[in-house]
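K.L.:
Give me the fold of what follows.
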Amino acid sequence: MTLPSWLEKVPSTFGTKGHGKLKADHWRTVSTVNLVITLVRWWGTVNATPEELEALKNYIHLVVPADFASRRSMSYARAAAYDFHMEQYLLGLIRIYNHTLVPNHHLSLHLRRLLDAFGPVHGWWMFPFERYNGLLQPEMSTTFMCYFYIGTASHWLISTLQWPATKEYNDMLWSFENGMHSVTPFGAPHAGQISEIFYHLQTEQGHTIIEPFLVVDAYLPLNPSDASQDPYRKFPELDMRLYYDRFEERQHVIRANDIVTHFAAFKYEPDGIQGMCIVARNLDRMTTKVSIPI
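P.N.:
Just a heads-up that it's a prediction; the model follows:
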């Protein structure tokens, strides 16, 4: 499996006694990337038993809200989708496993109100406080005051200073001011691989503008017949799909801001499709479109 360098990778000893205690990011990767790719590949095909397919659907109902709730942006539609899938997951726990719900399950159904009211959880969850706990242990007073003042001073500077009226500063201020608001989603990105980066120089109204461009090899989409055998398309909320493990003949030249996100990739030969394919797991944490099944 190929993962971008910024994604917290699961230890190679995962599943054994020697892997130790996993961090929250490790669990996030293994739950929303590794296991999703593997379980859909095993239990999402026509060869899966009804019990396996039911267990997979219930697991997907957990993955989707965990993914949606931890995005860097929030909208009312995404909060509603979180609530729908979380409720379906809990109902599945009772129906399939006769599981007794615990207080955390109950609390998870109240999170939608907080997502609607406060936006992305990164602005109000407890991980920063946990990080401060680690900082406080070696040098309690000085370390705490140092990091506290750094954070508050940065917030004050961004919100009060008169920043230059340039695109770079405007983009920074927009991100600061709009992080708690929804973004306009667009269609599903197409998986590809950057083969070359070059700079284009032009002059506009006496100003020299240097802009980077990227040459991208796009993976070849499945034909309609093979697409019907793609197990990942049964779960559109995951924003995953198979491509042939080869590139389109024509390369694409795009601007840097046309790059949406990285993706996790895994190559295998699916049942019912001749030849190797690559599954692309979209790792976009901002703009993926959401829908709620009726």
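
K.L.:
For the helix or strand where Ala55 lies, give me every contacting residue.
P.N.:
Ala55 belongs to helix 50-69 when assigned by DSSP states H and E. Contact with helix 50-69 is made by 28, 31-32, 35-36, 39-40, 42-44, 48, 78-79, 81-83, 85-86, 88-89, 92-93, 96, 108, 111, 115, 121, 235, 237-238, 290, as judged by CB atoms under 8 Å, 6 or more residues apart in numbering. Using the backbone N, CA and C atoms, a C-beta is placed for each residue, glycine as well.

K.L.:
biggest strand in this structure by residues?
P.N.:
strand 207-221 (DSSP state E).

K.L.:
Name the residues of that one that are buried.
P.N.:
Neighbour-count burial for strand 207-221, counted by 16 or more other CB atoms under 10 Å, picks out 214, 216-220.

K.L.:
per the record, what domains does the protein have?
P.N.:
127-178, 192-282 (automatic domain parsing).

K.L.:
which one of those has the most crowded surroundings?
P.N.:
Among these, domain 192-282 has the highest mean neighbour count (mean count of other CB atoms under 10 Å), at a mean of 15.

K.L.:
Now do the end-to-end distance for that one.
P.N.:
Using CA to CA, to the nearest Å, the end-to-end distance of domain 192-282 comes out at 12 Å.

K.L.:
Likewise for stretch 66-83?
P.N.:
11 Å.

K.L.:
Would you mark the buried spots in that stretch?
P.N.:
Judged by neighbour count (16+ other CB under 10 Å), stretch 66-83 contains these buried residues: 66-75, 78-83.

K.L.:
quick one, strands of this protein?
P.N.:
192-204, 207-221, 240-247, 252-255, 263-268, 277-282.

K.L.:
what residues does the longest one touch?
P.N.:
So that's strand 207-221. Contacts with strand 207-221, where a contact means CB under 8 Å, 6+ apart, come from 190-203, 227, 243-248, 251-256, 258-259, 278, 280.

K.L.:
switch to 7 Å and redo it
P.N.:
Here strand 207-221 makes contact (CB atoms under 7 Å, 6 or more residues apart in numbering) with 190-202, 243-244, 246-248, 251-256, 259, 278.

K.L.:
picking that back up, want to throw the buried residues of strand 207-221 into JSON lines with pLDDT and distance to Val102?
P.N.:
JSON lines is the format used below for those (pLDDT from 0 to 100; distance: CB to CB, whole Å):
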{"residue": "Leu214", "pLDDT": "91", "distance to Val102": "48"}
{"residue": "Val216", "pLDDT": "92", "distance to Val102": "47"}
{"residue": "Asp217", "pLDDT": "93", "distance to Val102": "48"}
{"residue": "Ala218", "pLDDT": "92", "distance to Val102": "46"}
{"residue": "Tyr219", "pLDDT": "95", "distance to Val102": "43"}
{"residue": "Leu220", "pLDDT": "95", "distance to Val102": "47"}
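
K.L.:
May I see the domains of the chain organised as TSV, with distance to Gly20 added?
P.N.:
TSV is the format used below for those (distance: least, CB to CB, whole Å):
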stretch	distance to Gly20
domain 127-178	17
domain 192-282	23
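
K.L.:
what's around the closest residue to Leu7 other than its chain neighbours, how many residues?
P.N.:
Nearest non-adjacent residue to Leu7, counting by CB to CB, 6 or more residues apart in numbering: Thr29, 6.0 Å away. Thr29 is flanked by 21 other residues according to other CB atoms under 10 Å.

K.L.:
From Ser70, how far off is Thr29?
P.N.:
For Thr29, the distance to Ser70 equals 12 Å [CB to CB, to the nearest Å].

K.L.:
Could you please name the strands the longest strand of the chain pairs with and the direction of each pair?
P.N.:
strand 192-204 (antiparallel), strand 240-247 (antiparallel), strand 252-255 (antiparallel) (DSSP bridges).

K.L.:
Of those, give the one that comes closest to Gly15.
P.N.:
Shortest distance between Gly15 and the strands paired with strand 207-221, using CB to CB, is found for strand 240-247: 22.7 Å.
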